[in-house]
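Undergrad: the sequence isn't on hand, but the structure is:
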């Protein structure tokens, strides 16, 4: 069964940091582009970041550029999202998902597959 599991969320104060993990089972992550997405209460899903399969290039939404870093550990079959300088508006459930490339991660990754259950990130002011 192909699936991903997100972890690493939690409650943090504004300005703090968290590192999210996206672990895959049933498939090899580095053959796919992996995107991170989030959905805040009452809002639609939005793309946050993506790492491509072909060359490992990284992409970020303007709202997180300079604060978030996406990376991949092929040996652990895991993709990470390091989130620094967190703001209350980053509060959301964060999801990862896979696609052939990163071209569709914005605005909301409609073509992405293998969605996990998500991990809650709450940033207090």
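TA: Yep, it's here. Here the structure is a predicted model, which means the values were calculated and not measured.
Undergrad: and the strands in this structure?
TA: 3-7, 10-13, 18-25, 33-39, 45-51, 58-60, 68-73, 78-83, 92-99, 119-124 (DSSP state E).
Undergrad: out of those, which comes closest to residue 113?
TA: strand 92-99 (5.8 Å; Cβ to Cβ). (Each C-beta comes from the backbone N, C-alpha and C, glycine too.)
Undergrad: what is the closest one packed up against?
TA: strand 3-7, strand 18-25, strand 33-39, strand 78-83, strand 119-124 (3 or more Cβ pairs under 8 Å, 6 or more residues apart in numbering; DSSP states H and E).
Undergrad: deepest in the core, which of the strands of the chain is it.
TA: Ranked by mean neighbour count under mean count of other Cβ atoms under 10 Å, the strands of the chain are led by strand 33-39, which reaches a mean of 25.
Undergrad: now for it, which elements pack on it?
TA: Secondary-structure packing of strand 33-39 (3+ Cβ pairs under 8 Å, 6+ apart): strand 18-25, strand 45-51, strand 68-73, strand 78-83, strand 92-99.
Undergrad: ok, now which ones touch residue 22?
TA: Contacts for residue 22 (Cβ atoms under 8 Å, 6 or more residues apart in numbering) come out as 4, 5, 6, 29, 34, 36, 78, 79, 80, 81, 96, 116.
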